[in-house]
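Chemist: 3D, please:
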Amino acid sequence: MTENEVINEFAKREQKLTVIFAVSFAIFGLTLLINALTETYINLALPFLIGFALIFFGLYKVYRCPACNSAPRAIGRAGVQISPRSCGNCGAKLK
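Modeler: Model (predicted):
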């Protein structure tokens, strides 16, 4: 892949991650709203677990470096780096 293709593909993956975050927070927020406005009670554990699973899936399956297919990590740190300029694994420019 060329540098521009990697940058464009990573931008698409960032957009997908943004949608996954929005859906996760919407599920949790909708549950809080239903609990506040109606007499029914929905246990918050299930929406929280669904949202956590979506975020985990988004970070580790969707949000990957197009060049080496690894999650972009900060150099010397554990976890996923959000909005990196370059991949900590292969050094490819992502922005």
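
Chemist: Helix or strand: which one has the residue lying closest to residue 51 once chain neighbours are set aside?
Modeler: Spatial nearest neighbour of residue 51, excluding adjacent residues (C-beta to C-beta, 6 or more residues apart in numbering): residue 24 at 3.8 Å. C-beta coordinates here come from the backbone N, C-alpha and C atoms, glycine included. Taking DSSP states H and E as the definition, residue 24 sits inside helix 3-37.

Chemist: and that helix, what other elements does it pack with?
Modeler: helix 45-57 (3 or more C-beta pairs under 8 Å, 6 or more residues apart in numbering; DSSP states H and E).

Chemist: tell me the angle of the helix it packs on relative to helix 3-37?
Modeler: Angle, helix 45-57 to helix 3-37, by axes from the mean of the first three to the mean of the last three C-alpha atoms, to 10 degrees: 170 degrees.

Chemist: So which bits of helix 45-57 are buried?
Modeler: Neighbour counts over helix 45-57 (16 or more other C-beta atoms under 10 Å) mark 47, 51, 54-55 as buried.

Chemist: Could you do stretch 63-83 as well?
Modeler: 63-67, 71-73, 80-81.
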